[in-house]
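> no sequence on hand, only this structure:
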Ligand SMILES: O=C(O)[C@H](O)CO
């Protein structure tokens with residue numbers, strides 16, 4: 001019915017998406033220490049004034065004094081090798097504002113460096129900040145997360161040290177919405193299976209014994225209409241999709257009208273009506289295993305579940321069961337738990353599943369924009385200015 005071996009998938013998905021498991025290699029926290037002087041962020045001013053205006057915020061003055069080369073505050077990068085030059089670009093960007101140091105250098109010279117460090121730049125969502133690290137940095141002011149999801153950071157613990165946390169909601173919205181659409185289309189049209197057939201040396205002529213389904217005019221249910229969900233809705237509109245959405249806390253009437261989306265006060269209604277259900281929520285205690293056996297049971301047997309948020313939003317065991325028993329048609333996941341899944345995980349052997357290696361923001365443009373947004377956040381925090389994107393513990 002769907003396609004065959006997971007091992008072949010790992011070859012095809014990188015080919016389809018034009019990159020290797022780039023996101024999995026982004027374990028590169030950057031630690032920045034800050035000198036006494038301020039540095040005006042030109043990039044910030046150019047790119048984020050727009051965001052601020054649209055968010056109705058006032059422009060942030062990140063300081064007026066331009067630093068001389070030697071005065072730049074220090075930044076630590078863990079590993080910039082092996083990622084097709086992307087991180088070298090990122091390092092070049094950071095170097096305009098900070099002096100870069102590797103984590104190895106920091107660990108090798110902790111006593112000298114620990115007092116200088118006033119900010120930590122967390123690249124992608126994997127590295128965690130533990131109590132021991134925070135205790136070793138008495139002057140730390142801000143942890144700038146590159147990415148929107150901060151579920152890997154213990155916000156309450158960090159805040160107890162008087163340290164602020166920031167994220168990059170603007171940079172991630174378009175590329176993550178694109179991955180949502182890519183997964184929806186790939187699953188609907190069984191692109192991976194088709195690709196395997198086209199690539200197989202055994203293929204003598206093109207003939208498939210299966211059919212896909214169409215996205216055009218189908219019903220899309222978006223769970224979590226934040227900035228990424230909204231971008232998904234904008235794209236879905238171009239496919240003439242009927243768009244439903246559910247938010248637990250906030251109905252977004254203006255956005256609804258702009259994209260022609262219908263609000264479902266009850267998530268159950270959305271699940272029952274949708275051909276494609278896309279998960280775009282943050283991972284919080286409230287959304288942990290939001291989609292379990294009961295919710296999957298409410299979906300149509302012809303429906304597809306797409307997850308671009310965090311793996312733990314789905315009860316994975318329940319999903320395996322639902323896919324094995326054809327309770328739903330298929331799943332397309334950019335996120336799982338853990339990442340990557342162990343090689344013997346049943347999800348990797350199901351023919352109606354597509355999995356990509358958390359590549360929602362793995363684009364040259366997104367990495368750059370996230371760095372710019374994080375730099376603006378760090379500079380604002382270090383200069384005691386209002387921070388463009390601060391995340392508060394709940
Ligand atoms: O949280 C995010 O922005 C993405 O998942 C990148 O990690």
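Nice, thanks for sending it over. Predicted model only: the values in this text are computed from it and were never measured.
> buried residues, the host helix or strand of residue 370. List them.
Per DSSP states H and E: residue 370 is located in helix 364-382. By neighbour count on 16 or more other Cβ atoms under 10 Å, the buried set for helix 364-382 is 366-382. For glycine as for every other residue, the C-beta is placed from the backbone atoms N, C-alpha and C.
> and that helix, how far from the chain's centre?
Using Cα atoms, centre = their mean, to the nearest Å, the distance from the centre of helix 364-382 to the centre of the chain it belongs to is 15 Å.
> helices or strands next to it in the packing?
With contacts taken as 3 or more Cβ pairs under 8 Å, 6 or more residues apart in numbering; DSSP states H and E, helix 364-382 sits against helix 42-54, helix 86-95, strand 117-123, strand 142-146, strand 164-166, helix 169-188.
> can you redo those as TSV with mean pLDDT, mean neighbour count and distance to residue 261?
Formatted as TSV, these follow (pLDDT from 0 to 100; neighbours: other Cβ atoms under 10 Å; distance: least, Cβ to Cβ, whole Å):
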stretch	mean pLDDT	mean neighbour count	distance to residue 261
helix 42-54	33	15	19
helix 86-95	76	18	34
strand 117-123	83	26	33
strand 142-146	90	28	29
strand 164-166	95	24	29
helix 169-188	98	23	14
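> columns distance to residue 317 on top of those, output as JSON lines?
Output for the helices and strands packed on helix 364-382, formatted as JSON lines (distance: least, Cβ to Cβ, whole Å):
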{"stretch": "helix 42-54", "distance to residue 317": "40"}
{"stretch": "helix 86-95", "distance to residue 317": "35"}
{"stretch": "strand 117-123", "distance to residue 317": "30"}
{"stretch": "strand 142-146", "distance to residue 317": "29"}
{"stretch": "strand 164-166", "distance to residue 317": "32"}
{"stretch": "helix 169-188", "distance to residue 317": "21"}
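> so which of the ones you listed comes closest to residue 388?
With respect to residue 388, and counting by Cβ to Cβ, the nearest of the helices and strands packed on helix 364-382 is helix 42-54 at 6.0 Å.
> alongside the ligand, which residues does the stretch 251-394 of the chain contribute?
Proximity of the stretch 251-394 of the chain to the ligand is confined to 360-361 under the rule Cβ under 6 Å from any ligand atom.
> where does the residue of the stretch 251-394 of the chain found nearest the ligand land on pLDDT?
Relative to the ligand, the nearest point of the stretch 251-394 of the chain is residue 361 (4.3 Å; Cβ to the nearest ligand atom). pLDDT for residue 361: 92.
> and it, which of the three is it?
coil (DSSP: H, G, I helix; E, B strand; the rest coil).
> quick check: it touching residue 175?
Yes. Residue 361 is in contact with residue 175 according to Cβ atoms under 8 Å; the separation is 5.2 Å.
> okay, and the common contacts of these two?
Contact with both residue 361 and residue 175 is made by no residue, according to Cβ atoms under 8 Å, 6 or more residues apart in numbering.
> related to what we said a few turns ago, out of the helices and strands packed on helix 364-382, flag the one nearest residue 267.
helix 169-188 (17.8 Å).
> the next helix or strand after the closest one to helix 169-188, inter-axis angle?
Downstream of helix 169-188, the first helix or strand assigned by DSSP H and E is helix 191-199. Between helix 191-199 and helix 169-188, the angle comes out at 60 degrees (axes from the mean of the first three to the mean of the last three Cα atoms, to 10 degrees).
> pull the contacting residues for the residue nearest to residue 229 when sequence neighbours are not counted.
In space, and not counting its chain neighbours, residue 229 is closest to residue 280: 4.2 Å by Cβ to Cβ, 6 or more residues apart in numbering. Taking Cβ under 8 Å, 6+ apart as the criterion, residue 280 is in contact with 176, 180, 222-226, 228-229, 232, 308-309.
> relative to the centre of this protein, find the outermost residue for me.
residue 204 (40.0 Å; Cα atoms, centre = their mean).
> mind checking the SS state of that one?
coil.
> how much space separates it from residue 197?
11 Å (Cβ to Cβ, to the nearest Å).
> ok, now residue 384?
Per Cβ to Cβ, residue 384 is found 60 Å from residue 197.
> so for those two, which sits in the more crowded spot?
Taking other Cβ atoms under 10 Å, residue 384 and residue 197 do not tie; residue 197 has more neighbours (15 against 10).
> wait, isn't that one in contact with residue 209?
No. The criterion here is Cβ under 8 Å, and residue 197 misses it with residue 209 at 10.2 Å.
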